[in-house]
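Engineer: Here is the input, now give the coordinates:
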Amino acid sequence: MPERDDRVLLPVTAAVLAGGRSLRMGVDKTLLDFDGEPLLARVIAAVRSVCAEVMVVTNRPEALEDVDLDDHVSVVSDDVPYQGPLGGLATALAHAEQEWVLAVAADMPWLEPDVVRALYAASDGADAVVPMTDKGPEPLLALYRVEACREAAAAALASGRRRLVAVLQNLHVAEIPISDLRDVDPALHSFVNVNTPEDLADVRASVEESADEVSSAGEIVSEGPEPVSQAHPRVVEVGTRRGRGMPSERPVTVYMNDVEIATVQATPSDLEEMAIGFMLTEGLLTDRDALQGIDVDLKRGLVYVTTEEHVPDDMVFRTRYVTSGCGKGVTFSSVGHARGLEPIVSDVRVSSQEIYDMMVEMARTAERYRETGGMHSCALGRDGKLLVVREDVGRHNALDKVLGRAWLDRISAKDAVLLTTGRISYEMAVKAAKSRVPVVVSRTAVTDLAAEIAETLGITLVGYARGSKIVIHTHPERITEAPE
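Structural biologist: Next up, the predicted model:
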């Protein structure tokens, strides 16, 4: 545990932001045991060794009564509760006594104090010092000059924005490439967060493995636990002996104009496309020109979509959790959502050979399926050629990613073919109907309810498109025989 040395303390108020609702963990993660102490206490000890002032910003100060905090640590309630990290930072800036505020998440178990010193060393002449990763800025382990950022944070909060990066606009920001911090934190453990039960299990397992190495060898033989994001469990298939990775699945929360819409279990890639496709097929987005921006916080699984379109009133008071499962997933789409949709009118004709060729090409591009064996693919094609191909652990997500990419690129679904490796159930048919795709093809089955919806809405449904045959369930006039 780092020891406090008052002779070398920085003029920094460390704001440990502990006001989150821990929705993905299910319980207050800051008080969970980590290596014999609450996770929050571990983070406090790290910043206390280097910062002149330490405060915990929380919405639940009563929850900290049993945490052993010394006189160097104060507890401050959020001035405006439940506004996310931005609300916590605004509160810290309003109450800080030091020149700088260090915003640090309360779920960083391996925070290295020397990283804080490295950030401070780059602060001369700056209003903020922010590490930059390949996914963008990391504002939850960053320095903010109180005088410059106090009003900016309050203004961002008042505007309704909830992302920390909103504070950085119009400020002089010193951007520090995260690779530059490897001198003081070689594996960049400081940036590991504990957001989910899986994350917690991984970091606990890393601690146990390190302890086992010490007890068995009599000395430390490891430089530290591997970051959670770099863990790649491997398996060997009996008989083939071909190594495969495991498909990735993480909770992703989607916001529309800072209103939480849904949390989706998905493969953490192409998330901006998935969010757009999800909102598009749920009827929340209709005007491409009204879209203002998409911000993705890949590390925390957050997607913020900003648009001139309004969030429906009922969405302000309800959110949904959508699993990646095929039988127990919950989605907004229902049979009722198909009512009122105009039947699709299209004179397109697609040959059985074109369908076969596009299915083969989709399989050929499915790199993650070959790596993991647990992914679905989806594609949009026209005239026998694929326009967009995406993969995800969930068939609904793969479909949303394709539709989202097409919408963002203004690719019309008119006379197009939608292909998927997954079963076409009623909600998949409804999504296709809303996107106005006339032909939908699956490598596997079509449910009876999906066929009923497709028949009514003028969609050609094709199932079992593999090998040398296809099964046409509805509107067969659009499918022609392959030429000799």
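Engineer: Isn't residue 350 up against residue 418?
Structural biologist: No. Assessed by Cβ atoms under 8 Å, residue 350 is found out of contact with residue 418, at 11.3 Å. C-beta here means a position set from N, CA and C on the backbone, and glycine is covered the same way.
Engineer: Quick check: neighbours shared by the two?
Structural biologist: Shared contacts of residue 350 and residue 418 (Cβ atoms under 8 Å, 6 or more residues apart in numbering): residue 439.
Engineer: who has more neighbours, these two?
Structural biologist: Set residue 350 next to residue 418 and count neighbours by other Cβ atoms under 10 Å: residue 418 wins out with 26 against 23.
Engineer: so what does the host helix or strand of that one touch, helix or strand wise?
Structural biologist: Element membership for residue 418 (DSSP states H and E) is strand 417-420. Using 3 or more Cβ pairs under 8 Å, 6 or more residues apart in numbering; DSSP states H and E, the elements in contact with strand 417-420 are helix 352-364, strand 376-382, helix 395-408, helix 426-435, strand 439-442.
Engineer: Could you pull up the mean pLDDT of the longest one?
Structural biologist: Confidence for helix 395-408, expressed as mean pLDDT, is 95.
Engineer: Against which helices or strands is it packed?
Structural biologist: Secondary-structure packing of helix 395-408 (3+ Cβ pairs under 8 Å, 6+ apart): helix 271-281, strand 376-382, strand 385-392, strand 417-420, helix 426-435.
Engineer: Adding mean pLDDT and distance to residue 407, write these out as CSV.
Structural biologist: Supplementary listing: the helices and strands packed on helix 395-408 in CSV, determined by pLDDT from 0 to 100; distance: least, Cβ to Cβ, whole Å:
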stretch, mean pLDDT, distance to residue 407
helix 271-281, 94, 6
strand 376-382, 95, 11
strand 385-392, 95, 10
strand 417-420, 96, 13
helix 426-435, 90, 8
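Engineer: Would you reformat these as CSV and include distance to residue 362?
Structural biologist: Below are the helices and strands packed on helix 395-408 laid out as CSV (distance: least, Cβ to Cβ, whole Å):
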stretch, distance to residue 362
helix 271-281, 16
strand 376-382, 4
strand 385-392, 6
strand 417-420, 6
helix 426-435, 16
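Engineer: out of these, which comes closest to residue 102?
Structural biologist: For residue 102, the closest of those is helix 271-281, at 28.1 Å, according to Cβ to Cβ.
Engineer: Can you get me the centre-to-centre distance for the closest one and its chain?
Structural biologist: 12 Å (Cα atoms, centre = their mean, to the nearest Å).
Engineer: in the protein, which ranges drop under the pLDDT threshold?
Structural biologist: Regions of the chain meeting the criterion pLDDT under 70 cover residues 1-7, 19-36, 63-68, 71, 160-162, 195-244, 314-340, 482-484.
Engineer: quick check: domain ranges of it?
Structural biologist: Under automatic domain parsing, the residue ranges defining each domain of the chain are 6-191, 250-338, 350-480.
Engineer: Which among the ones you listed is found nearest to residue 344?
Structural biologist: Of all those, domain 350-480 sits nearest to residue 344, with 4.2 Å by Cβ to Cβ.
Engineer: distance between the ends of the closest one?
Structural biologist: End-to-end distance for domain 350-480: 6 Å, by Cα to Cα, to the nearest Å.
Engineer: Which residue ranges of the chain form helices?
Structural biologist: Ranges of helices in the chain, per DSSP state H, are 39-48, 84-95, 113-121, 146-158, 197-217, 271-281, 313-316, 352-364, 367-372, 395-408, 426-435, 448-457.
Engineer: would you turn those helices into a markdown table with mean neighbour count and distance to residue 178?
Structural biologist: A markdown table is the format used below for these (neighbours: other Cβ atoms under 10 Å; distance: least, Cβ to Cβ, whole Å):
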| stretch | mean neighbour count | distance to residue 178 |
| --- | --- | --- |
| helix 39-48 | 24 | 18 |
| helix 84-95 | 23 | 19 |
| helix 113-121 | 19 | 10 |
| helix 146-158 | 18 | 21 |
| helix 197-217 | 15 | 19 |
| helix 271-281 | 26 | 20 |
| helix 313-316 | 11 | 36 |
| helix 352-364 | 18 | 35 |
| helix 367-372 | 16 | 25 |
| helix 395-408 | 26 | 27 |
| helix 426-435 | 24 | 38 |
| helix 448-457 | 19 | 46 |
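Engineer: ok, now how distant is residue 110 from residue 176?
Structural biologist: 18 Å (Cβ to Cβ, to the nearest Å).
Engineer: Please apply the same query to residue 289.
Structural biologist: 37 Å.
Engineer: tell me the contacts of residue 307?
Structural biologist: Contacts of residue 307 by Cβ under 8 Å, 6+ apart are 256-257, 285, 287, 290-292.
Engineer: Could you dump the domains of the chain into a markdown table and include distance to residue 344?
Structural biologist: Formatted as a markdown table, those follow (distance: least, Cβ to Cβ, whole Å):
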| stretch | distance to residue 344 |
| --- | --- |
| domain 6-191 | 38 |
| domain 250-338 | 12 |
| domain 350-480 | 4 |
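Engineer: so residue 58 touches residue 81, yeah?
Structural biologist: No. Taking Cβ under 8 Å as the definition, residue 58 is not a contact partner of residue 81, at 9.3 Å.
Engineer: between the two, who's got more neighbours?
Structural biologist: residue 58 (25 against 13).
Engineer: Which residue is the nearest non-sequential neighbour of that one?
Structural biologist: Nearest residue to residue 58, sequence neighbours excluded (Cβ to Cβ, 6 or more residues apart in numbering): residue 18, at 4.5 Å.
Engineer: And residue 142, by the same measure?
Structural biologist: Nearest to residue 142 is residue 130, by Cβ to Cβ, 6+ apart, at 4.4 Å.
Engineer: partners of the one you found in the sheet?
Structural biologist: residue 175 (DSSP bridges).
Engineer: I'd like the numbering to begin with 20 instead of 1 from here.
Structural biologist: In the new numbering, first residue 20, that becomes residue 149.
Engineer: What is the burial count for it?
Structural biologist: Residues near residue 149, counting by other Cβ under 10 Å, number 26.
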